[in-house]
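> Need coordinates for the below:
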Amino acid sequence: MANSLVLMFQQGKGLSRWPIANVYTSCMFGDNANMLFIDAYRKDIRNFNITEAYTAMYLNAMAPQPKDGRGNIEDYILYHYIPIESKETGTSNTLNYAYNDWAIAEFAQILGLTQDEAMFRERATYWRNVFSTDALFMCARHAVTQKEKAIYFLFYSVSLGRRV
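Have a look, this model is predicted:
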């Protein structure tokens, strides 16, 4: 299966998700092939092109792809979550992408790619950005940039008479 996914990436320029009969279905979301690759590697199943598998995972996580890429990846990178304005399922996608990023970080560690590992470990924590401490549950969020967040925090703190 790992070989088939790598071959589909090489031939079709996309890391397939939920392929049927070696055809892209674009079903589901995310790039859960990452879990298959890391799971296979950890179980000593290494008869696939490991560097090509990593390349496919990396490219899928960094920018839109021609086939089956991560939807709204630009928003995920910008906001550190996918806002509800971008996608109704943004919260689910954020959780999925954070888990996928954890798998890439694990693979980067195995390959000795320390900068990639650090970046993907950080991104694997983005699930926290959709966790509501009020609801104690994962919740959708509106689009707020880090700069707007800082301004809001400053305004909110000053309006409550708190020192920032």
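> which residues of the protein fall in helices?
Ranges of helices in the chain, per DSSP state H, are 2-12, 33-42, 50-62, 73-79, 90-111, 114-123, 146-159.
> What angle do helix 114-123 and the second one make with each other?
For helix 33-42 against helix 114-123, the angle by axes from the mean of the first three to the mean of the last three Cα atoms, to 10 degrees is 120 degrees.
> Quick check: the gap between the residue nearest to the spatial centre of the chain and Asn32.
The residue lying closest to the centre of the chain (Cα atoms, centre = their mean) is Tyr97, at 2.6 Å. Note on Tyr97: its distance to Asn32, by Cβ to Cβ, to the nearest Å, is 10 Å. Using the backbone N, CA and C atoms, a C-beta is placed for each residue, glycine as well.
> again, but for Ala108
Taken as Cβ to Cβ, the span from Ala108 to Asn32 is 17 Å.
> next one: Ala105
15 Å.
> more crowded one of these two?
The residue with more neighbours, out of Ala105 and Asn32, is Ala105; 22 against 16, by other Cβ atoms under 10 Å.
> excluding its backbone neighbours, what's nearest the more buried one?
Phe120 (3.7 Å; Cβ to Cβ, 6 or more residues apart in numbering).
> just checking, that neighbour touches Asn100?
No: checked against Cβ atoms under 8 Å, the pair Phe120 and Asn100 is beyond contact range at 9.0 Å.
> Give me the common contacts of these two.
Common contact partners of Phe120 and Asn100 (Cβ atoms under 8 Å, 6 or more residues apart in numbering): Ala61.
> So the residue nearest to Ala105 versus Asn93, what's the distance?
Separation of Phe120 from Asn93 (Cβ to Cβ): 17 Å.
> which residues does Asn60 contact?
Going by Cβ under 8 Å, 6+ apart, Asn60 touches Gly14, Leu15, Asp31, Asp68, Gly69, Arg70.
> now, among the residues you listed, which is nearest to Ala140?
Arg70 (17.9 Å; Cβ to Cβ).
> tell me the contacts of that closest one?
Contacts of Arg70 (Cβ under 8 Å, 6+ apart): Phe29, Gly30, Asp31, Asn60, Ala61, Pro64, Tyr76, Asn93, Tyr97, Asn100.
> can you name the two of the residues you listed that are farthest apart?
It's Pro64 and Asn100 that sit farthest apart of the contacts of Arg70, by Cβ to Cβ, at 15.1 Å.
> quick one: which of these two has more around it?
Asn100 (23 against 12).
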